[in-house]
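[1] A predicted structure for the sequence below; I have some questions about it.
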Amino acid sequence: MELLVQVLVSGILLGGLYALMALGLALVWGVLNIVNLSHGALIMLGAYATYFLFTGTGLDPFVALPITAIGLFVLGYVIQRGVLNLVIRGPMFNTLLITFGIEVILTYLAQLAFSADFRAINPSYAGNNFRIGGITIPLMQVLAFAVAMALTIAMWLFLLHTRVGRGIRAAAQNLVAARLYGVDPRSIYALTFGIGSALAGVAGGLYGTVSQINPYIGGPLTAKSFAIAIIGGLENPLGVIVGGLVLGIVESLTALYAGSTYRDVASFGVLILVLILRPTGLLGRTA
Amino acid sequence: MLRFLSLFAAALAFAGTAAAQTISLGASVQLTGPVANTGRYYKDAYEFAIEKINAAGGVKVGSQQQKIALKLLDNQSDVNLSVRQYTQLLTQDKVNFLLGPFASNFVLADSSIAEKASVPMVQGGGASDEIYTRGYKYIFGTLPAASDYFGSTVEALGKLNPPPKNVALLFADDSFDVSVAKGTRELLKKAGMQTVLDERYSTNASDFSVLLSRIKSSNVDAVLVAGHETEVLNFIRQAKSLNVNPKFYSFTVGVPSADFRHALGKDANGASGMTAWLPSASLKDKWFGDAEQFAKAYKAKFGYDPDYHAAAGVAAVEAFVYAIEAAGSLDAGKVRDALAKTNFESLYGHIAFNDKGQISLPQIMIQIQNDQVVEVYSGGKFVNKPVYPLPTWDKR
């Protein structure tokens, strides 16, 4: 029983981080209708940025996160304005190719700049934990979980209650009507992509504190984010939380009962089930 | 006109002999992609060894001194690409002989290309027993058998006081690690140790919380992990954050390398592992003097410490030099037969291949103590005192 609870706790904490990773991808996908294949590479860059802020200036990784976010926001904004805007009305295939190209470029630039060495963001309290009953709760994962939840909910409130947020949602739902009401799609798109990149950067910083960083971590993380975005649906940031938690828990329970090699079978199995049964995502509107 | 033609023919003949005066070695290694940080050992080792050998006059083929040229390609950590590149090296670049890539799954695929073309490949990157059980004649390896990676470790475990009462064996689902697990299972059985957890996990797994929770709940004393460096880093970090405290843990990869210690910092202390090579002055070498001098020169040249991958790569190049000189020709068949009879001392150790083509070297058990790699157990006895049982995380 204790083992099951421990595994569930780990799954939930993992799911929170998954959710934050997927949030930026889901946002960009929902608004710009671009599946951003470079999302994982942006997570990787966020991880490196936080790593170098931590090792270079001694800045606590959690304090460094806002700086990482700003840096990635600017990068995302520039990528959207300078590159993606050129193909925004093009077929899906073009945007897939271009974001894939950006992923390759970012990854290999990262190897040139940072080498393929493995790194980890390792502040002195990184391995700390506390106990509740017989359950060990890792501090870092809880902090990462808290930041992930706070950002996701903040994102939800931002989209619901601010002028820019409403503009973003309007552009996503009906671009023509939105333009008639004075929404400038170019700046809304660049803003959205910037926010998506900033979220990826924060997710990367948190990922670096609980896992390890190298230039090639991006690919699998894009795949994971993609699955979560589909499971949760693109309508609502809260859906991404549900998607992340479902994935974290399913993966952990599968590893416990079926064996560790079946994790991906289970998570992509859930993805297929959701696509068949609820194509709009678990929290999406039913057709 | 006739004179011109004969001049032309002479020029052609001259060009022919000039081209024949270099021996070309071809290799495809991981310079980019997820395993690039191990692939670089092979690039640097091959280039360094060839530079040294050429500086000392090259290779004596019959009565001629010939230089070695290296044709190196980047396989981007992609097995399929590496197979195409080895095919290209043989058909298009027409290299004389092949050096290997890193990692067993690459060697498994690439050695088939060498075998089909009957061109010898000497590789220092793949240890899986699978490579040598297919009856191939043209593959030679300078890494000792995967099944024995934990050999010295299991032996040492039995001599610890008190010996661990049970063991967990975790392994990734690739050729090398499955081979390690298979061999280790036998070794543990022979040693009479109780294995409470024997579990395979997916390569590149990043979350070990479930396995760690199971290790904790079954009170496992000793954990043996056969995996990749990224997994080992995650395993140790998560063991700390989940407060999982086995008395002993050992990993097939990462422990001897500098970036492993760098990434983990103090948390690397206590991790055990193995290496077939330590840069000791007692390992003499024709070109580098000895292993200690090699390690110093390597560090000065490339800016990081060599580990056994680099030494095994150098040994692969040297094996070709000895074999070509013994064969007295560049004929693939003759060099292959000479390789089978190779017998020399190198900075990596004594090089001689068994009838399957694999080298036999004992694994030295090492442990990270005070941020340094310390030799713990080799040649059947403890050389230095191991930290055992490991202190719990809160007491470190």
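    Now that the structure is in, tell me what you want to look at. Numbers count the residues shown, from 1 in each chain, chains lettered A, B, ... in the order given.

[2] wouldn't residue B:156 be in contact with residue B:378 here?
    No: checked against C-beta atoms under 8 Å, the pair residue B:156 and residue B:378 is beyond contact range at 9.2 Å. Any C-beta I mention is one placed from the backbone N, CA and C, and that applies to glycine too.

[3] ok, residue B:204 - contacts?
    A:220, B:34, B:228, B:230-231 (C-beta atoms under 8 Å, 6 or more residues apart in numbering or on different chains).

[4] So for it, what pLDDT did the model give?
    Here the pLDDT value assigned to residue B:204 is 82.

[5] got a list of what the residue in the stretch 251-396 of chain B positioned nearest to chain A touches?
    Residue nearest to chain A within the stretch 251-396 of chain B: residue B:259 (4.3 Å; C-beta to the nearest C-beta). Applying C-beta under 8 Å, 6+ apart to residue B:259 gives the contacts A:117-118, B:37, B:304.

[6] Tell me the residues of the stretch 1-150 of chain A that contact chain B?
    By the rule C-beta under 8 Å from any C-beta of the partner chain, the part of the stretch 1-150 of chain A lying against chain B is A:2-3, A:6-7, A:10-11, A:14, A:108, A:111, A:115-120, A:122, A:126-129, A:131, A:136, A:138-141.

[7] Please repeat the previous calculation with a cut-off of 6 Å.
    Within reach of chain B by C-beta under 6 Å from any C-beta of the partner chain, the stretch 1-150 of chain A has these residues: A:3, A:6-7, A:10, A:14, A:111, A:116-120, A:122, A:127, A:129, A:136, A:138, A:140.

[8] from those, which ones fall inside strands?
    Taking DSSP state E as the definition of strands, these contribute A:129, A:136, A:138.

[9] Contact partners for the nearest residue to the last one once chain neighbours are set aside?
    By that I understand residue A:138. Of all residues not flanking residue A:138 in the chain, residue B:241 sits nearest, at 3.5 Å (C-beta to C-beta, 6 or more residues apart in numbering or on different chains). By C-beta atoms under 6 Å, 6 or more residues apart in numbering or on different chains, residue B:241 lies in contact with A:127, A:129, A:138, A:140.

[10] Can you tell me the number of residues neighbouring the third one?
    One way to gauge burial is a neighbour count; for residue A:138, by other C-beta atoms under 10 Å in any protein chain shown, it gives 25.

[11] could you list every residue that touches it?
    Per C-beta under 6 Å, 6+ apart, neighbours of residue A:138: A:129, B:241-242.

[12] Any chance of TSV for these, columns pLDDT and distance to residue A:156?
    Formatted as TSV, those follow (pLDDT from 0 to 100; distance: C-beta to C-beta, whole Å):
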residue	pLDDT	distance to residue A:156
A:129	91	30
B:241	92	29
B:242	93	31
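
[13] quick one, longest strand in chain B?
    Every strand in chain B considered (DSSP E), the longest is strand B:64-74.

[14] Show the average pLDDT along stretch A:225-244.
    The average pLDDT for stretch A:225-244 rounds to 89.

[15] Give me the distance from it to the chain's centre.
    Centre-to-centre, stretch A:225-244 and its host chain are 10 Å apart (C-alpha atoms, centre = their mean, to the nearest Å).

[16] Can you tell me what sits against it?
    Under C-beta under 6 Å, 6+ apart, the answer for stretch A:225-244 is A:15, A:18-19, A:21-23, A:25-26, A:29-30, A:39, A:152, A:155-156, A:246-247, A:271, A:274, A:280-284.

[17] Likewise for stretch B:177-186?
    For stretch B:177-186, using C-beta under 6 Å, 6+ apart, the contacting residues are B:128-129, B:146-150, B:169, B:171, B:226, B:252.

[18] how much space between residue A:76 and chain B?
    For residue A:76, the distance to chain B equals 24 Å [C-beta to the nearest C-beta, to the nearest Å].

[19] burial of residue B:224, as a residue count?
    Number of residues near residue B:224 (other C-beta under 10 Å) recorded here: 27.

[20] that's a helix at it, yeah?
    No: Residue B:224 is assigned strand when assessed by DSSP: H, G, I helix; E, B strand; the rest coil, not a helix.

[21] tell me the SS of residue B:76?
    Applying three-state DSSP: residue B:76 is coil.

[22] pretty sure it is in contact with residue B:32, am I right?
    Yes: the pair residue B:76 / residue B:32 is scored as a contact, 5.1 Å apart, by C-beta atoms under 6 Å.

[23] Quick check: neighbours shared by these two?
    Joint contacts of residue B:76 and residue B:32 (C-beta under 6 Å, 6+ apart) do not exist.

[24] which among the contacts of stretch B:177-186 gets closest to residue A:192?
    residue B:171 (43.9 Å; C-beta to C-beta).

[25] hang on, that closest one in a strand?
    Yes: checked against three-state DSSP, residue B:171 lies within a strand.

[26] that older thread, quick one: which of residue B:156 and residue B:378 has more around it?
    Using other C-beta under 10 Å as the criterion, residue B:156 and residue B:378 rank with residue B:156 on top: 24 against 19.

[27] And for residue 104, the neighbour number?
    All of this refers to chain A. By other C-beta under 10 Å, the residues close to residue A:104 number 13.

[28] right idea, wrong chain: chain B
    With neighbours defined by other C-beta under 10 Å, the count for residue B:104 comes to 26.

[29] Quick one: residues contacting it.
    B:126, B:128, B:175-176 are the contacts of residue B:104 under C-beta under 6 Å, 6+ apart.

[30] Which one of these is nearest to residue B:346?
    residue B:126 (18.8 Å).

[31] What's the separation between the closest one and residue B:101?
    As for residue B:126, its distance to residue B:101 is 8 Å (criterion: C-beta to C-beta, to the nearest Å).

[32] out of the two, which sits in the busier spot?
    The residue with more neighbours, out of residue B:126 and residue B:101, is residue B:101; 32 against 29, by other C-beta under 10 Å.

[33] correct me, but that one touches residue B:26?
    No: using C-beta under 6 Å, residue B:101 is not in contact with residue B:26, being 11.0 Å away.

[34] Next step: the contacts of stretch A:225-244 restricted to helices.
    A:15, A:18-19, A:21-23, A:25-26, A:29-30, A:39, A:152, A:155-156, A:246-247, A:271, A:274 (DSSP state H).

[35] Could I have the buried ones of those residues as ChimeraX selection syntax?
    To isolate the buried ones among these in ChimeraX, judged by 16 or more other C-beta atoms under 10 Å in any protein chain shown, type:
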select /A:15,18,19,21,22,23,25,26,29,30,39,152,155,156,246,247,271,274
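
[36] any idea how far residue B:363 is from residue B:275?
    7 Å.

[37] So for residue 62, what's the pLDDT?
    Reading this off chain A. Looking at residue A:62, the pLDDT reads 94.

[38] think we crossed wires, I meant chain B
    Predicted confidence (pLDDT) for residue B:62: 89.

[39] thinking it is in contact with residue B:328, fair?
    Yes: under the criterion of C-beta under 6 Å, residue B:62 lies in contact with residue B:328, with a separation of 4.8 Å.

[40] rewinding a little: and of the contacts of residue A:138, the nearest to residue A:67?
    Of the contacts of residue A:138, the one sitting nearest to residue A:67 (C-beta to C-beta) turns out to be residue B:241, at 24.7 Å.

[41] any chance you could read off phi and psi for that closest one?
    Main-chain dihedrals, residue B:241, degrees, to the nearest 10: phi -70, psi -20.

[42] What distance do you get for it to residue A:141?
    Separation of residue B:241 from residue A:141 (C-beta to C-beta) stands at 7 Å.

[43] And residue B:40, by the same measure?
    From residue B:40 to residue A:141 the distance is 32 Å (C-beta to C-beta).

[44] picking that back up, let's have the contacts of residue B:104 in JSON lines, adding distance to residue B:200.
    What follows is the contacts of residue B:104, written out as JSON lines (distance: C-beta to C-beta, whole Å):
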{"residue": "B:126", "distance to residue B:200": "20"}
{"residue": "B:128", "distance to residue B:200": "15"}
{"residue": "B:175", "distance to residue B:200": "13"}
{"residue": "B:176", "distance to residue B:200": "13"}
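
[45] Alright, calling it a day.
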